[in-house]
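Peer 1: Need the 3D shape of this:
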Amino acid sequence: MIIKRKSFHVFKNPGYLTQEELEEIENQFQFLQPLKDEIQVNFKIVPKENTSCKRGEYCVLFFSEKSDGYLHNIGYLGAQLDLWLASKNVGVCWYGVGKTEVTPENDLDFVIMMAIAKVNENDFRKDYTKSKRKPLDVIWNGELKQNIAKIVRFTPSACNTQPWYVESKDNQLYVYRIKGKRGIMPADKVVYYNRIDIGIFLLFMELCLKHEGMAFTRTLFADTEDEKAHVLTAKYTTNHL
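Peer 2: Below is the predicted model of the structure:
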């Protein structure tokens, strides 16, 4: 699904999700595995008319309590849903600028939304290698596990900023959030969305490690507000690289 999925900035001739399909998506929420168990989250599916989004047919709204790592956690959860929806031929567009008046229970804060719509399987990515991504030597330093690095680089990100950098050494992978070009994002929103992006990246990284049969342990670090160019986000210790 990493190879199949794409960001649907435009939904051409979308179909309609049935009530049964909507219930199946809602049921899938319970199977999403958090990056941080202690953070309370909530998800809701609403018609796009209940938001400022003009894309797709419905929107999945992500809500969370605000605590350390909550944006990474939402990215990690949303990435799982994104890939699962691709398996059901439901297109997704992460819609960062969207707004909604819908309020969840437990006073959680709105974080981000996904526009979704039923699409034809032929509308998904046909050749992932043509996606615009940074060269491997720009995002990865050190020992190179080719099948991991070449796939994880296709992680989606806000405005395709790809704010990640990996150091591989001594059977450990160090994942950093880096500063990069912000595209069309407002300057004050770059860190916000890039933290969500890193959560997506961590999910893709772990899927790649599992695909290669590599057991690992994960250590998370606090993502600070300082001005360092590289902010250490996570460390993976593996059996071998």
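
Peer 1: hey, where'd the helices end up in the chain?
Peer 2: 19-28, 70-87, 136-139, 146-152, 190-211 (DSSP state H).

Peer 1: least reliable of these going by mean pLDDT?
Peer 2: For those, the weakest mean pLDDT is recorded on helix 146-152, namely a mean of 87.

Peer 1: To residue 171, which of the helices of the chain lies closest?
Peer 2: Distance to residue 171, taken as CB to CB, is lowest for helix 190-211 among the helices of the chain, at 11.9 Å. Yep, even glycine has a C-beta here, placed from its N, CA and C like the rest.

Peer 1: Distance from the closest one to the middle of the chain?
Peer 2: 6 Å (CA atoms, centre = their mean, to the nearest Å).

Peer 1: Check the gap between the residue of the chain positioned farthest from its centre and residue 238 for me.
Peer 2: Centroid-distance maximum for the chain: residue 170 at 27.5 Å, with CA atoms, centre = their mean. For residue 170, the distance to residue 238 equals 10 Å [CB to CB, to the nearest Å].

Peer 1: My guess is residue 134 contacts residue 153. True?
Peer 2: Yes - at 6.8 Å, residue 134 and residue 153 qualify as touching, with contact defined as CB atoms under 8 Å.

Peer 1: more crowded one of the two?
Peer 2: residue 153 (20 against 15; other CB atoms under 10 Å).

Peer 1: which ones are touching the more buried one?
Peer 2: 133, 134, 136, 139, 140, 162 (CB atoms under 8 Å, 6 or more residues apart in numbering).

Peer 1: for this structure, which spans come out with low pLDDT?
Peer 2: Filtered on pLDDT under 70, the chain yields the residue ranges 180-181, 225-228, 240-241.

Peer 1: Run through the strands of it in chain order.
Peer 2: 41-47, 58-64, 90-95, 109-118, 140-142, 164-169, 172-178, 216-220, 230-238 (DSSP state E).

Peer 1: any chance of the ones you listed in TSV, plus mean neighbour count?
Peer 2: Shown next, in TSV, are the strands of the chain (neighbours: other CB atoms under 10 Å):
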stretch	mean neighbour count
strand 41-47	17
strand 58-64	24
strand 90-95	24
strand 109-118	22
strand 140-142	17
strand 164-169	19
strand 172-178	21
strand 216-220	14
strand 230-238	19
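
Peer 1: how deep is residue 16 tucked in, by neighbour count?
Peer 2: Around residue 16 there are 9 residues (other CB under 10 Å).

Peer 1: Check the gap between it and residue 157 for me.
Peer 2: 29 Å.

Peer 1: now the residue nearest to residue 190 when sequence neighbours are not counted: how far from residue 126?
Peer 2: Nearest residue to residue 190, sequence neighbours excluded (CB to CB, 6 or more residues apart in numbering): residue 182, at 4.5 Å. Here the criterion is CB to CB. By it, residue 182 lies 29 Å from residue 126.

Peer 1: what do you get for residue 15?
Peer 2: For residue 15 relative to residue 126 (CB to CB), the value is 19 Å.

Peer 1: With residue 75 instead?
Peer 2: Residue 75 is 26 Å from residue 126, where distance means CB to CB.

Peer 1: More neighbours: those two, which one.
Peer 2: Neighbours were counted for residue 75 and for residue 126 using other CB under 10 Å; residue 75 has more, 30 against 9.

Peer 1: Isn't the more buried one up against residue 199?
Peer 2: Yes - using CB under 8 Å, residue 75 makes contact with residue 199 at a distance of 2.5 Å.

Peer 1: Give me the number of neighbouring residues for residue 34.
Peer 2: 17.

Peer 1: Surely it and residue 40 touch.
Peer 2: No - Residue 34 is beyond contact range of residue 40, at 9.8 Å (criterion: CB under 8 Å).
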